[in-house]
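Engineer: Sequence plus the predicted model coming up.
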Amino acid sequence: MMRDQDWFGAAIRQPTRELRRRTGDLAAFAEIREVELSNGQERGVRALQIRNADGLEIEVLVDRAFDIGDVRYRGVPVSWRSGNGYRHPALHEVEAEDGLSWLRTLDGFLVSGGLDHTLFGGEVDASQYAYPPKPTVRHGLHGRLSSLPARLLSVEEDWRETGGVLRVRGEIVQATSFGEHLRLRRTVEVDIHGAGFRIDDEVVNLGFERTPHMFLYHINIGWPVVDEGTEFVGSVQRHLWQSPSTEEQGAPHHTLVEPRRGFVEQVWEHELAVGDDGLHRVALLRADGAFGVELAWDPEGMPNFFEWQNLRDGQYGVGLEPSSHHVGGEADARADGSMTWLEHGESRRYRTSVTLLDGTEATAAARARVLGDEG
């Protein structure tokens, strides 16, 4: 699936001082470019285009919660595209469509859910905020986070003696008078050499009221990684929940089917084993083993995981979803005592890495890591 670029890999891994002898600008090999999208519903959305020396390109959407839009590796598209585009947040109507308007923002590689609510919407008690005119609060699907613009904190091209790191930081504040006041600070790092990137998030309660906190990553992968026969690989201990459509459509969780007209979305909640390194890992691997995506994260912050299949014509994609809470959502979490409550100054940390797998050796190694068979 990939062309042989071993000669270039060897050449580019020279000491940085040698690369400087061969170009007037190291941006020839790796860079971060600040741009603004300028057409249609995307007009005015700031983005950071990060490109490393091995052909990895990712796009951080500053005005879309510092989420990640397009991802490519050596020209191969990895991220799922829904057709919505990266809509400017000013166009988003959070309360519309009975809380399902979030679906109009769902596009690209990472769409984050939170910060005080994830999963399906509803009405919950808000008495902790001591504001009598609003005794309850209503939430839509996956909360408000994904339609909030970030404040760009820093852009760093940290070249070292060999390689280095491309790093961007931003923060998003979700706040209202007499309600939540939560801040997400996000760091995205791409090694100058390599086939992956890292997301490091910290959420803190800046308010002085005890505040609910829920967090979810909707990591969306499309064709050609998602294809008929593509395999979901995970060390699944048991299935905690699955949507009713899984019984009717004959589409299993572990092997993807071809696009189907009118396919009804399918969701599983898998209980995953923790690896020897203390991480949760899953992967999507093409049937021919030529390419794949591996996801690893710290289960301390996100102990739960959902697999989302949207295998219909024109929407063909899979979501890998680490989550702070079970699929029952906020009402269930409040009822069973599993809700996360943050007091003033309390925080939670989330660490995740994404690796693009180029070739059969890389996909075989990822399978062994995920299943704990590295020997």
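Structural biologist: Thanks, I have it. These numbers were taken from a predicted model, which means no experiment stands behind them. Residues are numbered from 1 along each chain as shown.
Engineer: Next, find the distance separating the residue sitting nearest the centre point of the chain from residue 167.
Structural biologist: Of all residues in the chain, the one closest to the mean position by CA atoms, centre = their mean is residue 110, 3.3 Å from it. Relative to residue 167, residue 110 is positioned 17 Å away (CB to CB, to the nearest Å). All C-beta spots, glycine's among them, are computed from the backbone N, C-alpha and C.
Engineer: about what we covered before: the residue nearest to the centre of the chain against residue 218, yeah?
Structural biologist: Yes. Using CB atoms under 8 Å, residue 110 is in contact with residue 218, at 7.0 Å.
Engineer: Show me which positions of stretch 334-350 end up buried.
Structural biologist: 339-340, 342, 348, 350 (16 or more other CB atoms under 10 Å).
Engineer: Also stretch 169-182?
Structural biologist: 169-170, 172-174, 179-182.
Engineer: Show me what the lowest-mean-pLDDT helix or strand in the chain is packed up against.
Structural biologist: Taking mean pLDDT, DSSP states H and E as the measure, the chain has helix 6-12 as its least confident helix or strand, at a mean of 78. Using 3 or more CB pairs under 8 Å, 6 or more residues apart in numbering; DSSP states H and E, no helix or strand is in contact with helix 6-12.
Engineer: Just checking, which helix or strand succeeds that helix along the chain?
Structural biologist: helix 16-21 (DSSP states H and E).
Engineer: which helices and strands does whatever helix or strand comes next after that following helix pack with?
Structural biologist: Toward the C-terminus, helix 16-21 is succeeded by strand 31-36 as the next helix or strand (DSSP H and E). Counting contacts by 3+ CB pairs under 8 Å, 6+ apart, strand 31-36 packs against strand 46-51, strand 151-159, strand 164-175.
Engineer: Just want the angle from strand 31-36 to strand 151-159.
Structural biologist: Interaxial angle, strand 31-36 versus strand 151-159 (axes from the mean of the first three to the mean of the last three CA atoms, to 10 degrees): 160 degrees.
Engineer: which outside residues touch strand 31-36?
Structural biologist: Strand 31-36 is touched from outside by 44-51, 155-157, 166, 168, with contacts defined as CB atoms under 8 Å, 6 or more residues apart in numbering.
Engineer: roughly how far apart are the closest residue in space to residue 103 that isn't next to it in sequence and residue 219?
Structural biologist: Closest residue to residue 103 apart from its sequence neighbours, by CB to CB, 6 or more residues apart in numbering: residue 141 at 7.0 Å. Applying CB to CB, the value for residue 141 to residue 219 is 17 Å.
Engineer: Those two - which one has more neighbours?
Structural biologist: Legend: neighbour count by other CB atoms under 10 Å for residue 141 and residue 219, higher for residue 219 (27 against 20).
Engineer: what comes up buried for the strand or helix carrying the more buried one?
Structural biologist: For residue 219, the element it lies in under DSSP H and E is strand 216-222. Residues 216-222 are the ones in strand 216-222 that count as buried (16+ other CB under 10 Å).
Engineer: Heading C-terminal from that strand, find the next helix or strand.
Structural biologist: Moving toward the C-terminus from strand 216-222, the next helix or strand (DSSP H and E) is strand 231-234.
Engineer: Residues contacting that following strand, please?
Structural biologist: 253-256, 270, 272, 281-285, 287, 305, 307, 318, 366-367, 370-371.
Engineer: for residue 340, which residues make a bridge with it?
Structural biologist: Here residue 340 shows beta-bridge partners residue 213, assigned using DSSP bridges.
Engineer: how near is it to residue 65?
Structural biologist: For residue 340, the distance to residue 65 - CB to CB - is 19 Å.
Engineer: quick check: angle from whichever helix or strand residue 353 is part of to strand 216-222?
Structural biologist: If you go by DSSP H and E, residue 353 is part of strand 347-358. In terms of direction (the same axes, to 10 degrees), strand 347-358 departs from strand 216-222 by 10 degrees.
Engineer: Mind checking what helix or strand follows strand 347-358 in sequence?
Structural biologist: Next along from strand 347-358, by DSSP H and E: helix 360-371.
Engineer: Next up, the contacts around residue 265.
Structural biologist: 243, 245, 308-310.
Engineer: Apologies, that question was intended for residue 53.
Structural biologist: 12, 29-30, 163, 192-193.
Engineer: ok, 10 Å please
Structural biologist: Neighbour list for residue 53: 8-9, 11-13, 19, 26, 28-31, 163-164, 166, 191-194 [criterion: CB atoms under 10 Å, 6 or more residues apart in numbering].
Engineer: Narrow these to those that are buried.
Structural biologist: Of those, these count as buried by 16+ other CB under 10 Å: 12, 19, 26, 29-31, 163-164, 166, 191-193.
Engineer: which ones are touching the nearest residue to residue 187 once chain neighbours are set aside?
Structural biologist: Excluding its sequence neighbours, the residue lying closest to residue 187 (CB to CB, 6+ apart) is residue 200, at 4.4 Å. Listed by CB under 10 Å, 6+ apart, the contact set of residue 200 reads 167, 169, 185-189, 298, 349-353.
Engineer: same question, residue 366
Structural biologist: 233, 281-285, 292-296, 355, 357.
Engineer: Residue 206 now?
Structural biologist: Taking CB under 10 Å, 6+ apart, one finds 173-175, 180-183, 342, 344-345, 347 in contact with residue 206.
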